[in-house]
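Visitor: missing the sequence, but the structure's below:
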């Protein structure tokens with residue numbers, strides 16, 4: 001569901017893939033995140049890490065009355081405090097999406113799909 005905005009100069013349509021790339025880049029830059037995984041584990045393979053061109057598989061965007069709802073599916077590194085990593089992701093994604101798209105974000109839900117031990 002693309003985001004549509006109307007300005008004095010015309011209409012702007014932002015695809016879900018563009019938003020997913022913005023969000024995915026933010027998520028992967030956060031400390032403790034190994035990568036993103038697909039929301040369709042059965043279809044796409046169990047906890048396969050996504051590359052930049054596939055971030056839209058790990059990000060679900062829906063439009064609600066009070067703003068965008070963003071669901072993220074991630075894998076974290078063993079030994080990090082998951083609550084701190086998730087809070088950091090939520091704050092960063094909310095800030096960047098609101099600043100970049102000039103739209104309100106009602107919620108950022110982070111689903112931790114797995115933990116990987118880095119050796």
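Guide: Right, received. Where do you want to start? Because the structure is predicted, anything quoted here is derived from the model rather than measured.
Visitor: could you pull out the helices for this protein?
Guide: Along the chain, counting by DSSP state H, helices occupy 16-28, 41-44, 82-101.
Visitor: Pull out the buried positions in the last one.
Guide: By neighbour count, with 16 or more other C-beta atoms under 10 Å as the criterion, the buried positions of helix 82-101 are 85, 86, 88, 89, 90, 92, 93, 94, 97, 101. To be clear about C-beta, it is placed using only N, CA and C from the backbone, and glycine gets the same treatment.
Visitor: Stretch 107-119 too?
Guide: The neighbour-count check on stretch 107-119 (16+ other C-beta under 10 Å) flags 108, 110, 113 as buried.
Visitor: Repeat that for stretch 17-29.
Guide: Those would be 17, 19, 20, 21, 22, 23, 24, 26, 27, 28, for stretch 17-29 by 16+ other C-beta under 10 Å.
Visitor: So, low pLDDT: which residues of this protein?
Guide: Applying pLDDT under 70 to the chain flags residues 1, 40-56, 119.
Visitor: quick one: contacts of stretch 15-35?
Guide: 1-3, 36, 49-50, 52, 55-56, 58-59, 61, 68, 70, 72, 74-77, 80-82, 84-85, 88-89, 92-93, 96-97, 100-101, 116, 118 (C-beta atoms under 8 Å, 6 or more residues apart in numbering).
Visitor: I misspoke; the intended subject was stretch 83-96.
Guide: Applying C-beta under 8 Å, 6+ apart, the set of residues contacting stretch 83-96 from outside is 22-23, 26-27, 29-33, 70, 72, 74, 76, 105, 108, 110, 112.
Visitor: Could you single out the nearest of the buried residues of helix 82-101 to residue 12?
Guide: Set against residue 12, the nearest of those by C-beta to C-beta is residue 101 (9.4 Å).
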